[in-house]
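Enquirer: Can you look at this prediction? I've put the sequence above it.
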Amino acid sequence: MKKVRVAHISKLVRSVRAFTRELGRQQDLIPPQAPAVPQIPPKIGIALGGGFARGLAHIGVLRVLTEEGIPIDYVAGTSVGSIIGASYCSGISAREMQEIAGIVRFKDFARWSLNKLGFCTNDRMDNFLCKIVRCKTFEELKTPLAVAATDFITGEAVVFRSGPIVQAVRASCAYPGMFQPVKVNGRLLVDGMLSHAVPTTPLREMGADRVLAVYLSAHWVNLNGPRHVFDVIGQCFSIAQARMSSIWKRDADLVIEPNVDGFTYDGFERAKDLIVSGENSIREMLPAIKGWMKVAEIPLGVRSRTASPILPTAVPSPITPAPSGFSA
């Protein structure tokens, strides 16, 4: 009887051991589960194009983004876009900018000064910017900023990301024919419209995953024709800008076009209407932008669509010359 029990127990032990070995073998066949990839929200950059007074529409765009809680990680500006961008990045709210826009006029930042290089100078912009921008250097800004200008001699793009803010913005606003060129670090610079009409590419180089481009596409003149030489110059640049916009659009995920038809380039007195136009244009894009925040499927380490390294920022950084669109 005891022999039967021992044999039965031995058989049971062998069965358990065999089952354990088979279970281990099956587990070895299961492929290891890939580690979870940490997900982070996309870095959003906004490119603010030029347009003189029409650029006040940028304030409306920024105001809506702020109200909707959509974070802006990088800003790049050309011409008036650099003024709005510098103000925003220094901590001035869109509401405060709206109040300033309601009282600012052309004479606050420019004056007539007949010169063989231009009819006006924007030297008054020094005091104007010192009053409204809360930082003196790029390094002090709350949000990283790039300001686009153009080397008048070589045609190269010059992108400021460090050093004094005021001179960079003055150079970015030196509209050819109207304003005299601005010398910065030994280089004669003019409006960034000639190299980065809407500065989307600098945002990619800064690390933006998603880029919003604000494009002010209105022509300078109406059916009645030009009023003066500045309308002639501006209309020529506007035509070229429209025909060459595909260059900067390559680095834009969404293009926002406030309706600025009917607004003159110097129509600062219509600031309220321009800001409303900016608000309306961005509201149409909110579902797509909020979709970026919901998905947020960008693995750590994959930040930008381009492989371009961030440019040195100790001095204005030349970029390989390339034809670009034009803006006021």
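Expert: Perfect, I can see it now.
Enquirer: State the number of residues packed around residue 291.
Expert: Residues lying near residue 291 (other Cβ atoms under 10 Å) number 10. Quick note: C-beta positions are derived from backbone N, CA and C, even for glycine.
Enquirer: what's the strand or helix carrying it packed up against?
Expert: Secondary structure assignment for residue 291, by DSSP states H and E: helix 286-295. Under the contact criterion of 3 or more Cβ pairs under 8 Å, 6 or more residues apart in numbering; DSSP states H and E, helix 286-295 touches strand 210-214.
Enquirer: rerun that using 7 Å as the cut-off
Expert: Using 3 or more Cβ pairs under 7 Å, 6 or more residues apart in numbering; DSSP states H and E, no helix or strand is in contact with helix 286-295.
Enquirer: Can you check what angle separates it from strand 210-214?
Expert: Per axes from the mean of the first three to the mean of the last three Cα atoms, to 10 degrees, the angle that helix 286-295 makes with strand 210-214 is 160 degrees.
Enquirer: contacts for stretch 75-82?
Expert: 45-52, 55, 58, 84-85, 88-89, 143, 145-148, 169, 172-173, 175, 191-193, 196-199, 202-203, 327-328 (Cβ atoms under 7 Å, 6 or more residues apart in numbering).
Enquirer: Give me the three-state assignment for residue 146.
Expert: strand (DSSP: H, G, I helix; E, B strand; the rest coil).
Enquirer: Make sure it is actually in contact with residue 206.
Expert: Yes: under the criterion of Cβ atoms under 7 Å, residue 146 makes contact with residue 206 at 6.3 Å.
Enquirer: okay, those two: which has more neighbours?
Expert: Ranked by neighbour count (other Cβ under 10 Å), residue 146 and residue 206 place residue 146 first, with 30 against 24.
Enquirer: Next up, the contacts around that one.
Expert: Residue 146 makes contact with 76, 159, 160, 161, 199, 202, 206, according to Cβ under 7 Å, 6+ apart.
Enquirer: Any idea what it is bridged to?
Expert: residue 76 (DSSP bridges).
Enquirer: ok, it to residue 85 distance?
Expert: 8 Å (Cβ to Cβ, to the nearest Å).
Enquirer: for residue 180, same thing?
Expert: 23 Å.
Enquirer: Also residue 193?
Expert: Distance, residue 193 to residue 85, using Cβ to Cβ: 15 Å.
Enquirer: cool, residue 210 as well?
Expert: For residue 210, the distance to residue 85 - Cβ to Cβ - is 17 Å.
Enquirer: Looking at these two now, which is surrounded by more residues?
Expert: Neighbour totals were compared for residue 210 and residue 85, and residue 85 leads with 30 against 21 (other Cβ under 10 Å).
Enquirer: Measure how buried the closest residue to residue 257 other than its chain neighbours is and give me the count.
Expert: Spatial nearest neighbour of residue 257, chain neighbours left out: residue 215 (5.2 Å); criterion: Cβ to Cβ, 6 or more residues apart in numbering. A count of nearby residues for residue 215, using other Cβ under 10 Å, gives 26.
Enquirer: Mind jotting down where the strands sit in the stretch 151-300 of the chain?
Expert: Applying DSSP state E, counting those that start in this stretch to the stretch 151-300 of the chain gives strands spanning 157-160, 182-184, 187-191, 210-214, 254-256, 298-299.
Enquirer: just to revisit the earlier point, take the contacts of residue 146 and write them to CSV, including pLDDT and distance to residue 268.
Expert: Below are those laid out as CSV (pLDDT from 0 to 100; distance: Cβ to Cβ, whole Å):
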residue, pLDDT, distance to residue 268
76, 98, 23
159, 98, 27
160, 98, 25
161, 97, 29
199, 97, 23
202, 97, 27
206, 97, 30
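Enquirer: a markdown table for those, including distance to residue 153?
Expert: Listed next are the contacts of residue 146 as a markdown table, based on distance: Cβ to Cβ, whole Å:
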| residue | distance to residue 153 |
| --- | --- |
| 76 | 23 |
| 159 | 17 |
| 160 | 17 |
| 161 | 21 |
| 199 | 21 |
| 202 | 21 |
| 206 | 26 |
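Enquirer: Determine which two of these are furthest apart.
Expert: By the measure Cβ to Cβ, 160 and 206 form the most distant pair in the contacts of residue 146, at 12.3 Å.
Enquirer: neighbours around the nearest residue to residue 169 once chain neighbours are set aside, how many?
Expert: Nearest residue to residue 169 in three dimensions, chain neighbours excluded: residue 82, at 4.8 Å (Cβ to Cβ, 6+ apart). Counted with other Cβ under 10 Å, the neighbours of residue 82 add up to 32.
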